[in-house]
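Novice: Give me a model of this one.
(2 chains)
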Protein chains: 2
Amino acid sequence: MCQLMGMSANVPTDARFSFTGLVERAGRTDIHKDGWGITFYQGKGVQEFRDLKAGSDCDVANFLKRQCIKSDIVISHIRQANVGALTLENTHPFRRELWGENWTFAHNGQLKDIHSILPLGRFIPIGTTDSEHIFCWLLHQIEQAFPTRPADPTKLYDFIYAKRQQLHEFDVCNFLLSDGHALIAHCSNNLHWVTRRAPFGPALLKDVEVSVDFSQETTPNDVVTVLATQPLTTNETWEKMQPGQMVVFVAGELIKQYE
Amino acid sequence: MCQLMGMSANVPTDARFSFTGLVERAGRTDIHKDGWGITFYQGKGVQEFRDLKAGSDCDVANFLKRQCIKSDIVISHIRQANVGALTLENTHPFRRELWGENWTFAHNGQLKDIHSILPLGRFIPIGTTDSEHIFCWLLHQIEQAFPTRPADPTKLYDFIYAKRQQLHEFDVCNFLLSDGHALIAHCSNNLHWVTRRAPFGPALLKDVEVSVDFSQETTPNDVVTVLATQPLTTNETWEKMQPGQMVVFVAGELIKQYE
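Specialist: Sure thing, here's the model as predicted:
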């Protein structure tokens, strides 16, 4: 199994605090030490970082804990390998281009023998994980339904919700997905989120003794949502997602919730 | 215009020395300061790093100068923006999946109004550079000719050589391209390469006072080729590519040369 972290914000926002908590679980407070990755959107473009080392003891991850990268949408993943060898191509998040946009996907769960059940189209997995297979299948389904981006994004979200039902019925499949516009999260069994807005206050990480006073880091108009497999902080109220639920965040705000 | 750097090796090899020389040209010894990027292949997977800051004065680039990442194939680029804004999606190298493989492309040159001349297929540019347009066009051409990877890779190289003729006739187009197996380089006007093999000796960078004694860093069987727009070292003999020439390196060795 693995753990996920995501962020959606209405201003480019530094995700170091959440990332610092997450990677503690990559070998120190938890066992997800088989590589990690993080994708930062800045508009249509992305910066991505990944490594095969345990996130809790990795030069690249340590560098990112010190580096302020401001981003609109973030998707991060720490891996405990079950399907697929410990290789870079099996490290999440996965990325593909559709409609001239960067799509990013990270997954927590296990969908054994999915390869024979979900047919692929033009998106072919580079690695051997069930996760990348799901992503490639889903993008193909989206493209078949929408050869170009639909003018009404709700149609896209509705379609993704309908399609992820197959995954949900099959086995454990928590995922984060983004096209650079929205951050979409589906919960099979473990996913939480919290939205921070004014008045901002202090937050304390659960996995390491680090705190931040967001009132010093933000403006009154900032809205920032963080998602994680398990809550990252101890003094905030995280919303626990229900099995089968899918949520869509744009610019930090929950714009659509599917039960 | 921009500058390119590439590496092909028969053992996973540290490219820091070449990268250190290259990024000096990103704002210090030369003017290519509009972002930079580097893609490291490890088998089928990649690690990539990019940033919008000048490579000569960038935290991520400085980190990479200290970080040993061993790789089979490297493609790097420092940009001087002409077509396309200073955004991450316009930063080279570009990457797409074809046949379940990571394809990477970086380009130096300018092909004005190429958008109306080279028709696109399913690969759509995310940014607005002529370079990404060329890459998307070329991948579409390759896929149309070879729906799956040809058993004989020479057919693929021959096809790429035939196709890049259109680019070469059009305007300045130096590029580096990889599918994770080979490193392919085309020269319009500026591209050089050097192959290092036993007996290894010292090398001195041209742009900054840094030297390395490769005999201390290698085994007698290592073969490493480095390509760059302009030679990166002062005490080695770099091969100057001729206009229209295309070379293919696999595991550090020149396996095919097109005049």
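Novice: OK, contacts around residue A:119?
Specialist: Residues in contact with residue A:119 (Cβ atoms under 8 Å, 6 or more residues apart in numbering or on different chains) are A:137, A:140. Any C-beta I mention is one placed from the backbone N, CA and C, and that applies to glycine too.
Novice: Which secondary structure state does it sit in?
Specialist: Under DSSP: H, G, I helix; E, B strand; the rest coil, residue A:119 falls in the coil class.
Novice: before we move on, what about residue A:154?
Specialist: Classification of residue A:154 by three-state DSSP places it in helix.
Novice: distance of it from chain B?
Specialist: 23 Å (Cβ to the nearest Cβ, to the nearest Å).
Novice: Then residue A:112?
Specialist: 20 Å.
Novice: pretty sure that residue contacts residue A:83?
Specialist: Yes - proximity of residue A:112 to residue A:83 meets the contact threshold set by Cβ atoms under 8 Å, at 7.3 Å.
Novice: Of those two, which one has the most company?
Specialist: For residue A:112 versus residue A:83, the count of surrounding residues by other Cβ atoms under 10 Å in any protein chain shown is larger for residue A:83: 18 against 11.
Novice: Just say helix, strand or coil for the more buried one.
Specialist: Here residue A:83 is recorded as coil under three-state DSSP.
Novice: Could I get the phi/psi values of the nearest residue to it once chain neighbours are set aside?
Specialist: Ranked by Cβ to Cβ, 6 or more residues apart in numbering or on different chains and with sequence neighbours excluded, the top spatial neighbour of residue A:83 is residue A:130, at 4.9 Å. Dihedral pair for residue A:130: phi -60, psi -30, per degrees, to the nearest 10.
Novice: same check, this time on the one 3 residues further on
Specialist: Note on residue A:133: its backbone torsions stand at phi -60, psi -50 [degrees, to the nearest 10].
Novice: and the gap between it and residue A:113?
Specialist: Note on residue A:133: its distance to residue A:113, by Cβ to Cβ, to the nearest Å, is 10 Å.
Novice: before we move on, back to that, quick check: neighbours shared by residue A:112 and residue A:83?
Specialist: Residues touching both residue A:112 and residue A:83 (Cβ under 8 Å, 6+ apart) are residue A:130.
Novice: can you pull the pLDDT of the residue nearest to residue A:83?
Specialist: On the pLDDT scale, residue A:130 is placed at 92.
Novice: wait, what's in contact with it?
Specialist: A:83, A:84, A:107, A:110, A:111, A:112, A:114, A:115.
Novice: Now with 6 Å, please.
Specialist: The neighbours of residue A:130, taking Cβ atoms under 6 Å, 6 or more residues apart in numbering or on different chains as the test, are A:83, A:111, A:114.
Novice: Secondary structure element for residue A:33, which one?
Specialist: Using DSSP states H and E, residue A:33 maps to neither a helix nor a strand.
Novice: thinking again about what came up before, which one's more surrounded, residue A:133 and residue A:113?
Specialist: Between residue A:133 and residue A:113, residue A:133 has the larger neighbour count (other Cβ under 10 Å), namely 24 against 10.
Novice: quick one, helices of the stretch 101-250 of chain A?
Specialist: For the stretch 101-250 of chain A, the helices defined by DSSP state H, counting those that start in this stretch cover A:130-145, A:153-170.
Novice: helices or strands next to the strand of greatest length in chain A in the packing?
Specialist: Counting residues, the longest strand in chain A under DSSP state E turns out to be strand A:2-14. Counting contacts by 3 or more Cβ pairs under 6 Å, 6 or more residues apart in numbering or on different chains; DSSP states H and E, strand A:2-14 packs against strand A:70-79, strand A:101-110, strand A:224-228.
Novice: I'd like to know which elements the last one is packed against.
Specialist: I take that to be strand A:224-228. Checking 3+ Cβ pairs under 6 Å, 6+ apart, strand A:224-228 ends up next to strand A:2-14, strand A:192-196.
Novice: Contact partners for residue A:55?
Specialist: Shown in contact with residue A:55 (Cβ under 6 Å, 6+ apart): A:23, A:26, A:36, A:61, A:78.
Novice: List, one by one, the residues from the stretch 151-259 of chain A near chain B.
Specialist: By Cβ under 6 Å from any Cβ of the partner chain, no part of the stretch 151-259 of chain A sits against chain B.
Novice: what comes into contact with stretch A:167-176?
Specialist: The contact list for stretch A:167-176, computed with Cβ under 6 Å, 6+ apart, reads A:4, A:6, A:75, A:106-111, A:185-191, A:244.
Novice: of all of the stretch 101-250 of chain A, which residue lies closest to chain B?
Specialist: Relative to chain B, the nearest point of the stretch 101-250 of chain A is residue A:124 (3.7 Å; Cβ to the nearest Cβ).
Novice: Could you report the separation of the closest residue to residue A:154 other than its chain neighbours from chain B?
Specialist: Nearest non-adjacent residue to residue A:154, counting by Cβ to Cβ, 6+ apart: residue A:256, 6.9 Å away. Distance, residue A:256 to chain B, by Cβ to the nearest Cβ: 25 Å.
Novice: returning to what we had before: which of the helices of the stretch 101-250 of chain A is buried the deepest?
Specialist: Per residue and on average, the most neighbours among the helices of the stretch 101-250 of chain A fall to helix A:130-145, with a mean of 21 (mean count of other Cβ atoms under 10 Å in any protein chain shown).
Novice: Flag the shaky bits of the stretch 51-200 of chain A, pLDDT-wise.
Specialist: By pLDDT under 70, the stretch 51-200 of chain A contains no weakly predicted segment.
Novice: Quickly note the distance from the residue of it found nearest chain B to residue A:79.
Specialist: In the stretch 51-200 of chain A, the residue that lies nearest chain B is residue A:88 (2.6 Å; Cβ to the nearest Cβ). When distance is defined by Cβ to Cβ, residue A:88 is 11 Å away from residue A:79.
Novice: Neighbour count: these two, which is higher?
Specialist: Legend: neighbour count by other Cβ under 10 Å for residue A:88 and residue A:79, higher for residue A:79 (29 against 21).
Novice: what sits against that one?
Specialist: A:2, A:32, A:34, A:35 are the contacts of residue A:79 under Cβ under 6 Å, 6+ apart.
Novice: Could you dump these into a markdown table with pLDDT and neighbour count added?
Specialist: Converted to a markdown table, the contacts of residue A:79 look like this (pLDDT from 0 to 100; neighbours: other Cβ atoms under 10 Å in any protein chain shown):
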| residue | pLDDT | neighbour count |
| --- | --- | --- |
| A:2 | 93 | 25 |
| A:32 | 92 | 25 |
| A:34 | 94 | 23 |
| A:35 | 96 | 26 |
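Novice: Out of these, flag the one nearest to residue A:51.
Specialist: Using Cβ to Cβ, residue A:35 comes nearest to residue A:51 of the contacts of residue A:79, at 6.4 Å.
Novice: List the contacts of that closest one.
Specialist: Here residue A:35 is in contact with A:52, A:79, A:91 (Cβ under 6 Å, 6+ apart).
Novice: again, only using 7 Å
Specialist: Contact analysis of residue A:35 by Cβ atoms under 7 Å, 6 or more residues apart in numbering or on different chains lists A:50, A:51, A:52, A:79, A:86, A:91.
Novice: Which of these fall within strands?
Specialist: Reading strands off the contacts of residue A:35 with DSSP E, I get A:50, A:51, A:79.
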